[in-house]
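Just need the structure, nothing else, for what follows:
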Amino acid sequence: MDLPQLLLMGLVLLLGLLGVMVPGVPGTWLVWAAVMWWALHERSTVAWVLLVATTGLFLVVQVVIWLLPPRRLRGVGVHRRMVVYAGTGALLGFVLIPVVGAVPGFVGGVYLSERRRLGSHGEALASVRAVMRAVGTSVLVELLACLVVTAAWVGAVLRT
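All right, here's what the predicted structure looks like:
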């Protein structure tokens, strides 16, 4: 597979990761579609195993999200800056402490955003709790799964 196609797939994966953070955008589907596109072009054992593992992981994630309370955006105070901070924190945490670092990075990003907006530690902490109860847990589960798949894809591309 040539470099422009790999870069295009990487762009689709990035858009999928960003799409997870935006309500109504099918970020998980974009990540899965990019992995499927790559597997269909690559046609190797590693590619097919990654596609099957991705499909299984995303099915498990959908069940977990279904079992979580529904997302309630109204009245919680989720704003664009918070989404950017949380996504950046999750990505940095994922890179600095592989896989498990995404969770404290995500929550830390929400806290930092709320601390800057509200000013005090107590108000920011209360806001983080409300956000994580309303939308944070389901977004975090979906984002973590997409980050794991993206990292596995990067590893598989570098391996071949």
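
can you give me the helices for this protein?
Along the chain, counting by DSSP state H, helices occupy 3-21, 27-42, 45-67, 80-96, 102-118, 121-131, 137-159.

Would you reformat those as a markdown table and include mean pLDDT and mean neighbour count?
C-beta here means a position set from N, CA and C on the backbone, and glycine is covered the same way. A markdown table is the format used below for the helices of the chain (pLDDT from 0 to 100; neighbours: other CB atoms under 10 Å):
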| stretch | mean pLDDT | mean neighbour count |
| --- | --- | --- |
| helix 3-21 | 89 | 16 |
| helix 27-42 | 93 | 19 |
| helix 45-67 | 93 | 15 |
| helix 80-96 | 87 | 19 |
| helix 102-118 | 90 | 20 |
| helix 121-131 | 87 | 16 |
| helix 137-159 | 89 | 19 |
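
Look up how far Val63 lies from the residue nearest the centre of the chain.
In the chain, the centroid-proximal residue (CA atoms, centre = their mean) is Leu143; its distance is 1.9 Å. Per CB to CB, to the nearest Å, Leu143 is found 17 Å from Val63.

Likewise for Gly122?
36 Å.

Likewise for Pro23?
Distance from Pro23 to Val63, counting by CB to CB: 20 Å.
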